[in-house]
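Student: Structure for the following, please:
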Amino acid sequence: MAELAFSANDLAIVRFAISPMWEVAPSFRLLTSNTAHPVHRRWVEQVRPRVLAAGLDRGWLAELIGSSGYVPDFLNPAPDQPAPAPASEWEAILASPADRVRQDLDHLARHQGHLGPRLSSLRADPPSGLTKVTEEIERYWELALAPYWARIRAVLDADIFHRARTVAEHGAGHALNDLHTSVSWDDNALTLVHRKQNTPRQSAGAGLLLIPSAFTGPGLRTRVRPPDPPQLAYPARGIGTLWETRPAIGACTLAPVLGRSRALLLTELDTPASTTELAHRTGLSPAGVSQNLVALRNAGLVSAHRVGRSVLYARTAAAEALLEAAFT
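Tutor: Numbers count the residues shown, from 1 in each chain. A predicted model of the protein is given here:
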């Protein structure tokens with residue numbers, strides 16, 4: 001077991017945040033593991049072919065994120081706001097000090113036994129290598145996570161709302177005790193089971209950053225890199241419902257407001273899809289689908305994401321909220 005001690009000041013600055021990068025590493029590991037997953041199977045089946053076709057299983061991320069074990073700390077910069085945009089996290093990675101990048105890579109080499117050619121070049125020239133790393137992260141994000149981010153984000157937001165309410169009603173200690181079965185709060189310290197070493201507060205930074213994640217589970221992930229606050233990524237509540245399909249009845253409810261075709265398209269975008277796929281599913285003409293998608297995109301209800309030669313359309317957070325209202 002490991003302990004992280006808390007002063008009154010540390011407890012006062014405990015905060016929650018959503019981090020795109022805390023979804024990148026575990027989701028990439030899941031995609032490249034070739035193992036079934038009870039919750040994310042539907043997502044894996046859709047996304048894995050895209051990632052393999054793009055060759056991302058043979059690139060920088062494949063060398064940085066192994067099938068298990070340590071992931072370099074510079075890939076998980078501390079979020080400086082409650083929900084940073086993905087691009088701001090890429091910028092934080094680019095700004096990683098060269099000596100810290102080398103320390104992380106040395107630590108990774110001890111875990112893996114050696115560094116591959118790409119990571120050796122990254123160690124030799126961190127600024128140049130980090131540019132290539134973040135470019136690949138951005139490609140991976142657009143292929144694997146951006147089309148689904150509104151749905152993922154809704155689960156993460158709901159988790160934080162629940163825990164914030166717990167803090168308000170029962171106090172921070174109760175909320176910390178409720179994070180995960182391997183975490184307990186007692187005597188001004190947070191105890192983490194299955195951690196080998198204590199984390200002295202003087203070497204951990206002040207406070208604690210709690211990050212719900214859709215892909216981290218079932219265990220916890222930690223990052224301790226002073227002067228940043230320690231980060232604790234935990235499985236968000238409600239992950240089991242993440243990929244559930246809504247009944248098509250919602251299209252009938254929204255049709256008087258949006259029109260039948262646009263309501264139908266929004267309902268069909270329960271899974272991100274191309275114009276051709278949507279035409280096949282709905283029976284609408286490709287031209288009609290395209291015209292309606294433009295209208296939905298202009299209204300902020302649909303986003304577009306380029307995947308190779310095609311474009312995937314996905315519902316936005318505003319669309320998810322509209323459908324949620326229609327189903328209740």
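Student: Roughly how far does Val155 sit from Trp243?
Tutor: Applying C-beta to C-beta, to the nearest Å, the value for Val155 to Trp243 is 10 Å. From N, CA and C alone the C-beta is placed, and that goes for glycine too.
Student: Same check on Ala255?
Tutor: Distance from Ala255 to Trp243, by C-beta to C-beta: 25 Å.
Student: same deal with Leu209?
Tutor: From Leu209 to Trp243 the distance is 27 Å (C-beta to C-beta).
Student: mind listing the helices for the stretch 151-300 of the chain?
Tutor: In the stretch 151-300 of the chain, helices defined by DSSP state H, counting those that start in this stretch lie at 172-177, 249-258, 260-268, 275-282, 286-298, listed in chain order.
Student: Would you single out the least confident of the ones you listed?
Tutor: The minimum mean pLDDT among these belongs to helix 249-258 (a mean of 72).
Student: mind saving the C-alpha coords of it as PDB?
Tutor: This file holds the C-alpha atoms of helix 249-258, laid out as PDB (Å, rounded to 0.1, in the frame of the first residue of the first chain):
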ATOM      1  CA  ILE A 249     -38.500   6.500 -31.400                       C
ATOM      2  CA  GLY A 250     -36.600   9.700 -30.800                       C
ATOM      3  CA  ALA A 251     -36.700  10.500 -34.500                       C
ATOM      4  CA  CYS A 252     -40.500  10.600 -34.300                       C
ATOM      5  CA  THR A 253     -40.400  13.000 -31.300                       C
ATOM      6  CA  LEU A 254     -38.000  15.400 -33.000                       C
ATOM      7  CA  ALA A 255     -39.400  15.200 -36.500                       C
ATOM      8  CA  PRO A 256     -41.900  18.100 -36.000                       C
ATOM      9  CA  VAL A 257     -39.000  20.300 -34.900                       C
ATOM     10  CA  LEU A 258     -36.200  19.300 -37.100                       C
END
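Student: That helix - contacts with which helices or strands?
Tutor: helix 260-268, helix 317-327 (3 or more C-beta pairs under 8 Å, 6 or more residues apart in numbering; DSSP states H and E).
Student: List the contacts of stretch 270-287.
Tutor: By C-beta atoms under 8 Å, 6 or more residues apart in numbering, the surrounding residues in contact with stretch 270-287 are 42, 46, 147-148, 245-246, 261, 264-265, 268-269, 288-290, 292-293, 305, 310-315.
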